[in-house]
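S.K.: Next comes the sequence, and after it the predicted model I'd like to discuss.
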Amino acid sequence: MNAEGMFRRQVEVALTVNGEPVEARVDAGKHLVDFLRLDLGLTGSHAGCEHGVCGACTIRVNGEIVRGCLVLTAQLDGAEVWTVEGVSETGEMRALQDAFVQRNALQCGFCTPGMLFAAAELVERGGRPSREEIREHMSGNYCRCTGYEAIIDAIEQVTSDQEGAR
Amino acid sequence: MKATRVGYWRADSVEAALGALRSAAGSAQLLAGGQSLVASLNLRLADETNLIDINGLTELEGVSDEGDRIRVGALTRHRTLETAPLVASSAPALAEAAVLIAHAAIRTRGTLGGSLAYADPAAELPACMVALEADIVARSADDRRRIPAESFFEGLFQTALAEDEMIEAVEVPKAGPLERQVVLELARRSGDYAMVGLVLRADVEGHALARSRIAYFGLGAVPVLARGAMSALEAGDLDAAVAALAQDLDPPSDLHASAEYRLHLAGVLLRRAVARARAEGGST
Amino acid sequence: MRLDWGNPDRPNSYIGRSVPRPNAARLVEGRGRYVDDIVLPRMLHVAFVRSPHAHARILRIATDEAQSAKGVRRVFTGADLCDVCSPWVAVLAHLKGIKSAPQHPIAVERATWTGEPVAAVVAETRAAAEDGAALVDVDYEVLPAVVDMETALDPATPLIHPDLGDNLTFQRLHEKGDVDAIFSAASHVVEATFRTGRHTGVCLEPRSILAEWNPGERQLTVYHSTQAPHMMQSVLAKHLDLPESRVRVICGDVGGSYGIKVHVYPDEVATAAIARVMGRPIKFIADRTESFATDIHARDHRITGRIAVDENGKILAIDIDDLTGIGPYSVYPRTSAIEGNQVVNLCGGPYDFQTYRAQTTVVLQNKTPTCQYRAVGHPIACAVTEGLVDMAAEKVGLDPVEMRRRNLIADDAYPYTSAAGMKFEALSHHRSLEKLVALMDYKGLRAEQAQLRERGVYRGIGIASFIELTNPSPFMYGIGGARISAQDGCTVRMDPDGSVVALSGVTEQGQGTEAILAQIVAEAVGVEVGEVRIITGDTQTTPYGGGTWASRGAGIGGEAALQAGLALRANILEVAGAMLQAKADTLDIRAGRIVDSNGGIERMDLAELGRIVYFRGDTLPRELSREMVATRHYITSEYAFAFTNGVQASWLEVDVETGFVKLLKHWCVEDCGRIINPMLVDEQIRGGIVQGIGGALYEECLYDGDGQLLNANMADYLVPMAAEMPDMVVGHVETPTAESALGAKGAGEAGTAGAPGAVMNGINDALRPLGARLTEMPFTPERVLRALGKLTK
C-alpha cells in the first residue's frame, strides 16, 4: 500500500444537512462549523473558540450533540447533520425557543444556537431534572451575557411543562 | 485558528487501518473521536500530518461480557461508558469517570481508546485502567498483545504503543461482590481537567479495605499508583496512607496549582474516597 | 405632554413592563447577522503575524515566501501602511499630565507586547491567510521587557518609550481635608492591601470587522462589531485621512461587547487601511487565542487602603493608594487612565465622610494594553471600600449591616457631594439595604451560619454597597478633546400604515436597547409596541450619537426617544385635529387610534390618518404642518453623571480542606431610576454579577517573567460557567432622575460593580473564626488554603 498516495488534502463527502442532500469537496482539515458557515451559508452555527471549550458550535450529528469545531467535515460522509436553521424549520425546538424568548434567556444571541442543542438533549431525555442537573448539563456552554439563570429557568420551564403534559 | 494542512484517509476495516499505519511509518496518526486531536490541529499545535480515520470501524465499538472480565472496544464513546449497564455493574469506576470528562457534546464523540492513546496525565480513564488492573489490547498488522495498564503509560503523552500499533480494546476485571470503586476529582469548574483526581478500588468489609489500589491523575507525567498509601491502607491506617503520599507522589506545579497544593489535595481526596468506599461498603 | 407614571393603567403603558425583546425571536432561530456572517463580492481575509516577544526590535521582515503561498494576495508590514494611516496618541486634555506614545496599526520599529501585530497577510480564505502568516519570517532583537508594575518606575527599569522620559502614563492625587490629622487621632485605623487580577472580556463573538473601499463613491464602508459606530467613523476618517462623511460604519448584531468593543484596535484599523489600499472588501475576525492576547485587558491593580473610624464605627476618613499597569500604550481614544481615575472617584462612594485622599499611579508595561471594561473601576473601588468597611466593623465589633446603616449617606441628604467630589442627585442606600436585608432574611441566614459552624461547615455572608456611574455627560471624554458624543438622538416617524420607525444613535449589544426604545416610542406616540421598528447601528442613517458605554442607552438614548416620540404624537394630533375639526388637546392616541381624550371614543385609526396625509394631502388645510417625523436629541447638563446605587449580598460556603468556594445564592437590590423593562434590567444585573464573580473567583490573565501570556485559551483562562453560578435574586428601589422626563439611569454596571466585593466579604466572613483573610483576587482555592495557613511553601 502506498501510504503517501492514499492521504487526500481534499476529501469528497456526501451527507444530509437539515434533511437536504449535500455533496462537497472539502479541505481535509476543515471543521464542520466552517463547512456549514462558509460552504453552505448556514451562519446560525457559531465558532466561538475553535478548540472545543465554549460550546457555541454545538450541533447535532447522527442524532447526538457534538462540538462542530471538533469534527472534521471529511469524517461526515453519510452523516445526518442538523443545525439551528433546520430545527427551526421543523419546529422541533419551538418550545425551547419560545421559552428562551419569553424568559430573555439570551442577550447577544451568539451562544444561543449551541445552548439550544445542548438544552434539547436534556429535554429529550425526559423527566424533570433539578436546577443543579440542568446547570451541570449546560456547563459546557459559555454565555457571557446572561449569568445563566434565565437559561436555566427557560429549560426548567420546558422540562416541567413537558412532564406536566404527560 | 484554522487547522494546519492535513491529509485524510478513511479506513474501512481494522486490517486496512493497521496496514496504512504501518506503511505510513510514523507520518500518520489515527483519528478516533478527535476531541483532543482536532483541537490541537485547530490551534496549530500539531505539524502537518496525515489522519487515518477509524470512526467507521464499528467492530471496535461496544462493551462485551468475557466471563471474569469485560471487554470495552477502543472506539467506545464516553457516553456509552456513562450509560452501559454492563459497565455500571462490572467496572463502575469507568461510568463514574466518564461523566467527569468534559461535557455531554464531547462525550458523544470522545473514545476510550483515544483517551488512552493520547495519555493526557490529567485524564480520568488512564488512571481508571491503572487502578482496575486493566489490560490494553494492542494490535498491529501482524500481532496482538496485551499490555498491563501500569506499563502502558510511559510518560507525558507517551505510551507503550509501537508506531504501527493501535488499541483494539481494553479488558477490565469484573468487580467482585465486595469491591468498591470510587472516582473523585477536584476541578475548578465542572468538566475541566482536574487539578487532582484519584481512582480507588478496594474490597471493603466493615471498616477494612483489602486489595486496595489507588491511582492518581493530574499529579505526574502518567497515572501514579500510590503504593505506599496502598500498603498503609491495607494495614488499616488511613493517616499513614495520607502521610505516605508525600513519598508516593511528586506532583508538578503549573498555572492551576502548585505541587504543594496538589499534594495536599491528594490527601484530602484519599480520605474522602476511603470514607465513601466504607460508606458504600456498609460501614461508617 | 406628561406621562402619568403613577398610574400603571394609563394608556399605552409600555414603560415599566417586561416586554420580550423583538430581536430575540430572530436570534433563537440562528438568524442573527454578525459581521462574520456577511460575505461581500471579491472579499479577502486578513490574518496577522503577531509578536512572540513582549518587547523586541523588529530587524527585518521577510515576506517573500508568504507572498507566494497559495491563496495569498498581499502581505503588509507596518511600514507599508505608514502612508495611508497615521498613528494615534491616546491622551485626553482633562487628565492632567497624561502621556502616551504614537501607536501604529502594525508595529513599525518595535513590538511592545506579545500579540502586537507585526505584519498582515491577505488571502482568499482565513485558513490561507494563516498559512501565509506562518511563512512570514521576522528577525527580532529581543529587548528587556517591563513586566512588573511595582518596579515599572524604578530607575533601573528600562523605558518602554524612551521619548516619554519614564514609564509613567498618568498620576492623580485627590485630597480633601486633613487626612493625616484624622488618621492619627482616630479611635480605630485598619489598613489592607488589595489586588485585583488582570482579566478580560471574552466576548463570545470575537472582535470582527469587514471594511470595503468604494473608489467610485470614495467611501469606506465598515461593518463592525462595535459599541460606538460614530466614534469609529470619526477615528477611521481621521487616521485614514478621509472626510467623516465618507466613512460609514454599520453595526448589526454584536455578539457581546461589555466595553471590549468600544476601543480602537490596531488590527482593526489596519484592516480598514488595507481595504483602502487594495480596493477590495477585507474581513478580519479575531480568533480566540488572539482575542486573549489583543482584546483589552483590565483591572490590573494593587491598592493599599486605610480607613479611620471612631469608637462607634463612624467612618472619618479613607486613604487610598492605587497602582495599575496598563500595557505599553494608553488605548485610543478613551485612554487607559480612566480606570485608575475611577478608583479615585469611587472609593468610599456610598458613605458619608468628607476626609479623603486617593492617588492613582498608572504605569506602562510590556503586556496587553488595558482599558475600560464593564463597570470601569467600580468593582475595584467597591471591593476595596467594602473590604475596609468590613474590617473596620470587625474592629469596632459591629455587624456588617449595622456598620453600613451607621455610615451610608442618608436617603434624605441629597443633593450630596462626596469626598471625592462626585455629585449625587438622589440615591437610596438605606432603602436598598433594608430591602436587601428583608429579601435575604439576613437574621435567618446568620442563625443558619452559626448552627453550621458548630458542625464545621464554614458559610459566609458578604455585603457590598456600591454606587454606579451612568448617563455620562461630556465631562467624561468630550471635554478632554475626544470626538465621543455624550449627546444622543432619535428620529421617530410614522409611515402611511400607521406603523412607527425609530432611528437611534445608541446601539444594541444584546442588552435590549432596541426593546426598550420600542417600548418608549410606543408609549410616547401611542401605538402598540409591535408597531414600532427600531433601527440602530448605521452612521449614515441614524442620528448622531455616542453608542453604548457607561450605561447610557436607556437614560440618554431613551430620553431622546421619549421626546421624539412625544413630538411626533403632537404632530399627529395636530393633523388629526384638523381632520376631525377638533382641538388637538381634546384628542389622544391610544393603541394606534385617535380617540377623544375624555372617554376614549375612537375617532380614526392611524392608518387612515396616514393614508390621508401621505396620499390625499390635497384634502388638508394648506397651511397645516404635516410632519409625520420628529427628531430630538438629549444631553445631560445638570449633573456630570447620573449616579445610581445598590447593594449586593453573597451567601457562600468555603471548603476549608480544599479551599474551594461554593456560591449558594446572591442578592442585589439596585436603584437605576425609572425601570423601562424590569425583566431586561434584572438580566443585566444577573449577567453583570456573574462577570463580577468571574473576576472574584476565576479570571486572571497570567504572565511569566518575560511577559508571555500563559493562558490564552478557553481551557486555561477560566470564565464562569453555569454549574458553579448561583441563583440570583434581584430587587429594586426606583428613584428616577429629575434631569429627564423619563427618569431612567443606567443598570449595566451595577452587577459587576458589587459582586467581587460581596464575594470577598463573604469568604472572609466564612473564614473569620479561623483567622484568615483574603484580599487578592481571584480567590483561587489555593489562595484560600494559603490564607488558612494550610500551605506553607
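M.R.: Cool, got the structure. Residues are numbered from 1 along each chain as shown, chains lettered A, B, ... in the order given.
S.K.: quick one: low-confidence parts of the stretch 1-150 of chain B?
M.R.: Scanning the stretch 1-150 of chain B for pLDDT under 70 picks out no residues.
S.K.: and if you look at chain A?
M.R.: Ranges of chain A meeting pLDDT under 70: A:1-4.
S.K.: who's in contact with the residue most central in space within it?
M.R.: Nearest to the centroid of the C-alpha atoms of chain A, with distances taken as Cα atoms, centre = their mean, sits residue A:59, at 1.9 Å. Residue A:59 is in contact with A:32-33, A:36, A:45, A:65-66, A:68, A:81-84, A:113-114, A:117, counting by Cβ atoms under 8 Å, 6 or more residues apart in numbering or on different chains. Where C-beta positions appear, they are placed from N, C-alpha and C, glycine not excepted.
S.K.: Tell me the one among those nearest to residue B:23.
M.R.: Residue B:23 lies nearest to residue A:32 out of the contacts of residue A:59, by Cβ to Cβ, at 28.9 Å.
S.K.: Was I right to think residue A:8 contacts residue B:10?
M.R.: No: applying Cβ atoms under 8 Å, one finds residue A:8 not in contact with residue B:10, separated by 9.3 Å.
S.K.: and these two? which has more neighbours close in?
M.R.: Legend: neighbour count by other Cβ atoms under 10 Å in any protein chain shown for residue A:8 and residue B:10, higher for residue B:10 (21 against 17).
S.K.: For the more buried one, which non-adjacent residue is spatially closest?
M.R.: residue B:53 (4.6 Å; Cβ to Cβ, 6 or more residues apart in numbering or on different chains).
S.K.: just residue C:762 next, same as before
M.R.: residue C:462 (2.9 Å).
S.K.: Please work out how many residues are found near that neighbour.
M.R.: 28.
S.K.: Residue A:91 too?
M.R.: Around residue A:91 there are 9 residues (other Cβ under 10 Å).
S.K.: so what's it up against?
M.R.: Residue A:91 touches nothing, counting by Cβ under 8 Å, 6+ apart.
S.K.: just residue C:789 next, same as before
M.R.: residue C:772.
S.K.: separation between it and chain B?
M.R.: 12 Å (Cβ to the nearest Cβ, to the nearest Å).
S.K.: Out of the contacts of residue A:59, list just those in helices.
M.R.: A:32-33, A:84, A:113-114, A:117 (DSSP state H).
S.K.: Looks like residue A:143 contacts residue C:203 (just checking).
M.R.: No: Residue A:143 is beyond contact range of residue C:203, at 11.3 Å (criterion: Cβ under 8 Å).
S.K.: Can you tell me which residues in the stretch 251-400 of chain C are near chain A?
M.R.: Counting by Cβ under 8 Å from any Cβ of the partner chain, the stretch 251-400 of chain C comes close to chain A at C:253-258, C:287-288.
S.K.: Domain map for chain A?
M.R.: A:3-83, A:93-164 (automatic domain parsing).
S.K.: roughly how far out does the first one sit from the chain middle?
M.R.: It refers to domain A:3-83. Here domain A:3-83 is found 11 Å from its chain centre; the criterion is Cα atoms, centre = their mean, to the nearest Å.
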